[in-house]
Every structure is written in C-alpha cells, then in structure tokens.
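Visitor: one predicted model, sequence on top.
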Amino acid sequence: QVQLVESGGGLVQAGGSLRLSCAASGRTFSSYSMGWFRQAPRKEREFVAAISRSGGSIGYPDSVKGRFTISGDNAKNTVYLQMNSLKPEDTAVYYCAASASTYYGGSLPSNYDYWGQGTQVTVSS
C-alpha cells in the first residue's frame with residue numbers, strides 16, 4: 001500500500017514553468033514505477049509522463065515531449081514533474097500514480113494501482 005500526495009499546482013501564464021511533486025508514503029518508493037496523468041474538464045484522463053522503477057526508462061507523449069521532465073528522488077520518496085513552456089492547453093488536474101505490478105507502467109492508466117488526489121494546473125493565455 002502506498003499513499004500519494006501531489007503538490008505544486010497553481011496558476012501560471014503561458015510560457016511559464018511549474019514543478020509538481022508527488023510524495024509517497026508506505027512501501028519502499030523504489031518498489032513502484034511512477035506516472036503522471038492529467039484530466040481537463042469534459043476530457044478523458046491523459047498520459048503525461050512515466051518513469052520505471054530504476055529510472056532507466058522514461059516516456060512522454062508528443063504533446064509534452066521536450067517541455068516536461070519526470071524525475072524521482074528515492075531518498076525523499078518523491079517523484080517530480082518539471083513543466084516548462086506551459087500552454088493554455090496544459091490546463092488540467094494533474095494526478096500522480098504508482099504501479100506495484102509493472103516495472104514500467106507506461107501510458108495505460110490501468111497499469112497503475114494507486115493514485116493521488118490531484119493538483120490543479122491552470123495556464124492563462
């Protein structure tokens with residue numbers, strides 16, 4: 001069992017940056033692969049980034065590639081999402097997720113066993 005708590009969301013102008021954090025408690029953090037997803041109003045949950053247990057495999061969709069960076073700090077039991085060059089279309093609730101069952105959870109929400117409560121990111125034009 002792991003509990004996930006996101007933080008770092010907020011309001012930012014287009015072109016700005018935010019760093020989201022996801023603090024994990026419970027089982028050893030390195031036992032999980034981690035992912036970030038987002039959901040805008042009236043839209044389906046969308047994959048944003050994923051990192052494997054070892055950190056050796058990382059993936060992004062084309063919509064954020066080159067702008068977003070996922071990273072993990074096992075000593076702090078925290079995974080981060082650095083978001084640069086933000087666009088209004090990045091506005092959404094961002095969720096952190098953990099997978100105990102896969103080495104690399106990738107883009108499928110069904111691969112993830114635990115979810116945080118979400119943090120709102122709003123990008124103004």
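Guide: Cool, the structure landed. Numbers count the residues shown, from 1 in each chain.
Visitor: and the residue nearest the centre of the chain, how far is that from residue 7?
Guide: Note on the chain: the residue nearest the mean C-alpha position is residue 36, at 2.3 Å, using C-alpha atoms, centre = their mean. Here residue 36 is placed at a distance of 13 Å from residue 7 (C-beta to C-beta, to the nearest Å). (Glycine included, C-beta is placed from N, CA and C.)
Visitor: in which helix or strand does the residue nearest to the centre of the chain reside?
Guide: strand 33-39 (DSSP states H and E).
Visitor: tell me what that strand is packed against?
Guide: strand 18-26, strand 46-51, strand 68-73, strand 78-83, strand 92-99 (3 or more C-beta pairs under 8 Å, 6 or more residues apart in numbering; DSSP states H and E).
Visitor: okay, the ones you listed in a markdown table with distance to residue 121 next?
Guide: Output for the helices and strands packed on strand 33-39, formatted as a markdown table (distance: least, C-beta to C-beta, whole Å):
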| stretch | distance to residue 121 |
| --- | --- |
| strand 18-26 | 6 |
| strand 46-51 | 10 |
| strand 68-73 | 11 |
| strand 78-83 | 7 |
| strand 92-99 | 5 |
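Visitor: can you pull the phi/psi pair for the closest residue to residue 74 other than its chain neighbours?
Guide: Sequence neighbours aside, residue 30 is the residue nearest to residue 74 in space, at 5.0 Å (criterion: C-beta to C-beta, 6 or more residues apart in numbering). When read as degrees, to the nearest 10, the backbone of residue 30 gives phi -70, psi 0.
Visitor: before we move on, what about residue 64?
Guide: The phi/psi pair for residue 64 (degrees, to the nearest 10) reads phi -120, psi -10.
Visitor: dump the residue contacts of the closest residue to it other than its chain neighbours.
Guide: Closest residue to residue 64 apart from its sequence neighbours, by C-beta to C-beta, 6+ apart: residue 48 at 5.8 Å. By C-beta atoms under 8 Å, 6 or more residues apart in numbering, the contact set of residue 48 is 35-38, 60-61, 64, 68, 81, 94.
Visitor: now do residue 93
Guide: Taking C-beta under 8 Å, 6+ apart as the criterion, residue 93 is in contact with 38-40, 118-121.
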